[in-house]
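Trainee: pasting the sequence and the predicted model now:
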Amino acid sequence: MPYCDAPIAEIDHAHPHADGGSTDSVNGNGLCRNHNRQKENPGWAVTTAIDVGGTHEALIRTPTGHEHRSRALASPGENGSAEVRPDEFDRVDTAA
Ligand SMILES: [Zn+2]
């Protein structure tokens, strides 16, 4: 989650498994315990994508309609410059 510096405590489905979310690395989402619970509340949605460079990104929609992107840090030795286009979120993890 943006603005959260807590270490990843739980790895979960960004799109809930109970709602048809796939169990794979694209739909995986590492969060702190509080945010993993928070995203399960009504009005929250998290979609994920992996760009052609292999960087994972999550788009978080809050109940107020605000959207935040959370992009994985580049691994050591990578430049992390690949971009994820917004339309990539629509083609990944939207099947229910
Ligand atoms: Zn958090």
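Mentor: Ah, there it is.

Trainee: show me what from the chain comes close to the ion.
Mentor: For the chain, the residues in contact with the ion (CB under 5 Å from the ion) are Met1, Cys4, Ala6, Cys32, His35. Every C-beta, even on glycine, is put in place using the N, C-alpha and C of the backbone.

Trainee: report the buried members of those residues.
Mentor: Among the residues of the chain next to the ion, the ones that count as buried by 16 or more other CB atoms under 10 Å are Met1, Cys32, His35.

Trainee: restricted to helices, list those.
Mentor: His35 (DSSP state H).

Trainee: quick one, helices of the protein?
Mentor: For the chain, helices defined by DSSP H occupy the ranges 33-38, 86-91.

Trainee: mind telling me which of those the model trusts least?
Mentor: Note on these: lowest mean pLDDT is at helix 86-91, with a mean of 52.

Trainee: most centrally placed residue in the chain?
Mentor: The centre of the chain sits closest to Ala58, judged by CA atoms, centre = their mean, with a distance of 2.6 Å.

Trainee: who's in contact with that residue?
Mentor: Counting by CB atoms under 8 Å, 6 or more residues apart in numbering, Ala58 touches Ala14, Asn29, Val46, Thr47, Thr48, Arg69, Ser70, Arg71.

Trainee: restricted to buried residues, select those residues in ChimeraX.
Mentor: Buried residues within the contacts of Ala58, by 16+ other CB under 10 Å, are selected in ChimeraX with:
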select :14,29,46,47,48,70,71
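
Trainee: tabulate the contacts of Ala58 (a markdown table), appending pLDDT.
Mentor: Below are the contacts of Ala58 laid out as a markdown table (pLDDT from 0 to 100):
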| residue | pLDDT |
| --- | --- |
| Ala14 | 91 |
| Asn29 | 90 |
| Val46 | 92 |
| Thr47 | 92 |
| Thr48 | 94 |
| Arg69 | 90 |
| Ser70 | 87 |
| Arg71 | 86 |
